[in-house]
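[1] I would like to see how this sequence folds:
(chains A and B)
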Amino acid sequence: GESVGLHLPTLSVQEGDNSIINCAYSNSASDYFIWYKQESGKGPQFIIDIRSNMDKRQGQRVTVLLNKTVKHLSLQIAATQPGDSAVYFCAENGGTGFQKLVFGTGTRLLVSP
Amino acid sequence: EAGVAQSPRYKIIEKRQSVAFWCNPISGHATLYWYQQILGQGPKLLIQFQNNGVVDDSQLPKDRFSAERLKGVDSTLKIQPAKLEDSAVYLCASSTYRGFSYEQYFGPGTRLTVT
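    Numbering: from 1, shown residues only, chains lettered A, B, ... in the order given. Here you go, the predicted model:
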């Protein structure tokens, strides 16, 4: 069945460092991937997405890398700030279009000043 | 632009009781989703509406969960009767096409505790 997992449950970094959050997916039919940020007591917030015909996509301070060969997705956050502290989820679509998503279990990012 | 609204924010009930959650999506968003998020896990899709029609309810436990979206705007999710394992945050989301994909906007969720 579909499954999306994360390598590290918690990542601790210093303010100003670059952060890398990793995600492995198992459904080879997935062709659309999203990263979400969820702060305590709030709903997930869209960060960045990527289609399977791309290897890399950049946003503001964030970059998503996709390696379809090994079914691996990563989120890079440049110059990490305390406000980046949250749980980050990757999600995949299982090849079902853009709207039906399967979420992973999340990685908690802790940024210390 | 106002975000997705949900109420109540918190609810505590005893097992076998019933409960209902309400969601008001972002104006103009045709697609509405209900997710269940158990503590320590990612959200799991329960049901997806397109306007007032159900697109996907394959993961909705239909023996106890029901949802409706009258007039294609607001939606309610009901659980009757509740079980202990229903304790979770129930998230509502709505989406719109952004030119690259459909971006889902989530509400703050309703935290349900079943005792």
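[2] drop to CA atoms for contacts and neighbour counts, all remaining ones
    Will do.
[3] so what's A:Asn18 up against?
    A:76-80 (C-alpha atoms under 8 Å, 6 or more residues apart in numbering or on different chains).
[4] Let's see the pLDDT reported for it.
    As predicted, A:Asn18 sits at a pLDDT of 97.
[5] Could you identify the helix or strand that succeeds the worst-scoring helix or strand of chain A on mean pLDDT?
    Using mean pLDDT, DSSP states H and E, strand A:4-6 stands out as the lowest-scoring helix or strand of chain A, at a mean of 46. Where DSSP states H and E defines the elements, the next helix or strand beyond strand A:4-6 is strand A:10-14.
[6] quick one: strands adjacent to that following strand?
    strand A:107-112 (parallel) (DSSP bridges).
[7] quick one: the partner strand to chain centroid distance?
    13 Å (C-alpha atoms, centre = their mean, to the nearest Å).
[8] Stretch A:76-90 now?
    The answer for stretch A:76-90 is 10 Å, by C-alpha atoms, centre = their mean.
[9] all strands of chain A, in order?
    A:4-6, A:10-14, A:19-25, A:32-38, A:45-51, A:56-58, A:62-67, A:72-77, A:86-92, A:102-103, A:107-112 (DSSP state E).
[10] what's the most buried one of those strands?
    Neighbour counts (mean count of other C-alpha atoms under 10 Å in any protein chain shown) averaged over each of the strands of chain A peak at strand A:86-92, with a mean of 27.
[11] what's the angle from it to strand A:107-112?
    150 degrees (axes from the mean of the first three to the mean of the last three C-alpha atoms, to 10 degrees).
[12] In contact with B:Cys30, which residues?
    Just to correct that, residue B:30 is Ala rather than Cys. Taking C-alpha under 8 Å, 6+ apart, one finds B:49-51, B:72-73, B:94-96 in contact with B:Ala30.
[13] Nearest to chain A among those?
    Nearest to chain A among the contacts of B:Ala30 is B:Ser95, at 8.3 Å by C-alpha to the nearest C-alpha.
[14] ok, the helix or strand in which the closest one is found: who's next to it in the sheet?
    Taking DSSP H and E as the criterion, B:Ser95 maps to strand B:88-97. Paired neighbours of strand B:88-97 in the sheet (DSSP bridges): strand B:31-37 (antiparallel), strand B:102-106 (antiparallel), strand B:110-114 (antiparallel).
[15] quick check: mean pLDDT across the first one?
    Pointing back at strand B:31-37 there. 96.
[16] Can you pull the residues of chain A lying near chain B?
    A:41-46, A:89, A:98-106 (C-alpha under 8 Å from any C-alpha of the partner chain).
[17] among those, which one has the lowest pLDDT?
    A:Phe98 (64).
[18] Return the set of residues that bridge with the residue nearest to the spatial centre of chain B.
    With distances taken as C-alpha atoms, centre = their mean, B:Trp34 lies nearest the centre of chain B, 2.7 Å away. Judged by DSSP bridges, the bridge partners of B:Trp34 are B:Ile47, B:Cys92.
[19] measure it to B:Val89 for me?
    10 Å (C-alpha to C-alpha, to the nearest Å).
[20] ranking the strands paired with strand B:88-97 by burial, who's on top?
    strand B:31-37 (a mean of 25).
[21] still on that earlier bit, farthest pair in the residues of chain A next to chain B?
    Farthest apart among the residues of chain A next to chain B by C-alpha to C-alpha are A:Gly41 and A:Phe98. That separation is 26.0 Å.
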